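Asks: How does the following fold in three dimensions:
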Amino acid sequence: MMFENVKAAKGTNLEIEEPDKIVLHNGVPFLPTATDGAAVKAIATPTATDGASDIINVENLVKVYPGGTRAVDGISFSIREGEFFGFLGPNGAGKSTTIQVLTTLLKKTSGSVTVAGYDVDTDAREIRKVIGVQRQETILDGDLTGRENLTLQGHLQRLHGTALKKRVDELLTLVELSDVADKRAAQYSGGMKKRLDLASTLVHKPRVLFLDEPTSGLDPQSRVAIWEHLETLNRDEGVTVFLTTQQMEEADRLCHRLSILDHGEIVVSGSPVELKHQLGGDTITMSFANSGGVKDRSKRIVSGVQGVTKVLDTETGLAAYAKNASALVPDIVRLFDENEIRLTSISVASASLDDVFLQYTGRRIRSEELSKVDTWKPM
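Replies: Alright, predicted model coming up:
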């Protein structure tokens, strides 16, 4: 929400290698994988943003906090109108700091940023009229009902009368809270509060919606419900969405394009399918009883297996990539046995965005980096 700490009295009024194998699933092109036939989005999947103009432009953005912490280090990117765009990275990567700059909550150190054609330095008031913001913390008045929370937000956005009542009813239907609209928000579950908070950012029909880890802390069922509402907003209402997340599944499902951030820098950008396609196949993950002593030798052995396209170090062993990964496991196990290398585990899975992060940063996205978080203070 753009307005925080507000109280009110109750009652306030690509290229496809095998195009013949593409099939449609719910109207979306899919391409079966080589290993198990599971459906994955094809690189050729069209988006609603084809030919659209940029609604966000960022050039060489830098943010240095007092004390010298360089939270954002010269990043550049653009977002097309109607696009669902994401930042994926661990805590401390610079995701939230970037959102705060773009939503005029934080002064940048240098660089150029425009939102809907407005400059963040000179046109903050105009930007706030065309954006909605949902932060990690749910911001609601628990003493008000769901309907009253949305009505209050409408008044703050200078909406009144029949138009506001109609908009509130639309949003309650969108987030499936009509049946509990007249209950106090304090009685809502965590997922219901998140959905109401999302609805409150949409009262004034923003052109751009900023979501800073919107499903953090939710159970899987509530998380999927939020995803479905966001997909509807983007698809049916054409709202441009800028999402930050450290959840691979969330970025993979929702984003047309994304950028992976690490230590304040963009390390790679593209669609989820394009990024995973670069890995050259599925992932074989291996752990060893004594990874420090055998990792280099094991890496040479696996790299020599026909069909393996890439081998990367992990915290506990190795990750190898191959198109026929499942078929290669017996050969890898046999070679390790012959060389007296003891495996503690070996598994095969489809390539993920976490594998992409590993390729470009040398590590996986881990929650233990919670100690290094984006921080901000009011200007």
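Asks: any idea how far stretch 334-345 is from the chain center?
Replies: Offset of stretch 334-345 from its chain centre (CA atoms, centre = their mean, to the nearest Å): 38 Å.
Asks: which residues touch that stretch?
Replies: Residues from elsewhere that reach stretch 334-345 (CB atoms under 8 Å, 6 or more residues apart in numbering): 285-290, 294, 297-298, 301-302, 305, 333. Where C-beta positions appear, they are placed from N, C-alpha and C, glycine not excepted.
Asks: Report the buried residues of it.
Replies: By neighbour count on 16 or more other CB atoms under 10 Å, the buried set for stretch 334-345 is 336, 341, 343.
Asks: same question, stretch 144-162
Replies: Here stretch 144-162 shows 144-154, 156-157, 159 as buried, counting by 16+ other CB under 10 Å.
Asks: Mind telling me the two of those residues farthest from one another?
Replies: 145 and 157 (18.5 Å; CB to CB).
Asks: returning to that earlier point: return the subset of the buried residues of stretch 144-162 lying in helices.
Replies: The members of these that map onto helices under DSSP state H are 146, 147, 148, 149, 150, 151, 152, 153, 154, 156.
Asks: Tell me the one of the residues you listed nearest residue 228?
Replies: residue 146 (18.6 Å).
Asks: Can you add distance to residue 353 and pLDDT and give the ones in helices among the buried residues of stretch 144-162 back as JSON lines?
Replies: JSON lines is the format used below for these (distance: CB to CB, whole Å; pLDDT from 0 to 100):
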{"residue": "146", "distance to residue 353": "34", "pLDDT": "94"}
{"residue": "147", "distance to residue 353": "38", "pLDDT": "94"}
{"residue": "148", "distance to residue 353": "40", "pLDDT": "94"}
{"residue": "149", "distance to residue 353": "34", "pLDDT": "94"}
{"residue": "150", "distance to residue 353": "34", "pLDDT": "94"}
{"residue": "151", "distance to residue 353": "39", "pLDDT": "94"}
{"residue": "152", "distance to residue 353": "38", "pLDDT": "94"}
{"residue": "153", "distance to residue 353": "34", "pLDDT": "91"}
{"residue": "154", "distance to residue 353": "37", "pLDDT": "92"}
{"residue": "156", "distance to residue 353": "37", "pLDDT": "90"}
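Asks: Which strand or helix spans residue 209?
Replies: Assessed by DSSP states H and E, residue 209 sits inside strand 208-212.
Asks: quick one: buried residues of that strand?
Replies: 208, 209, 210, 211, 212.
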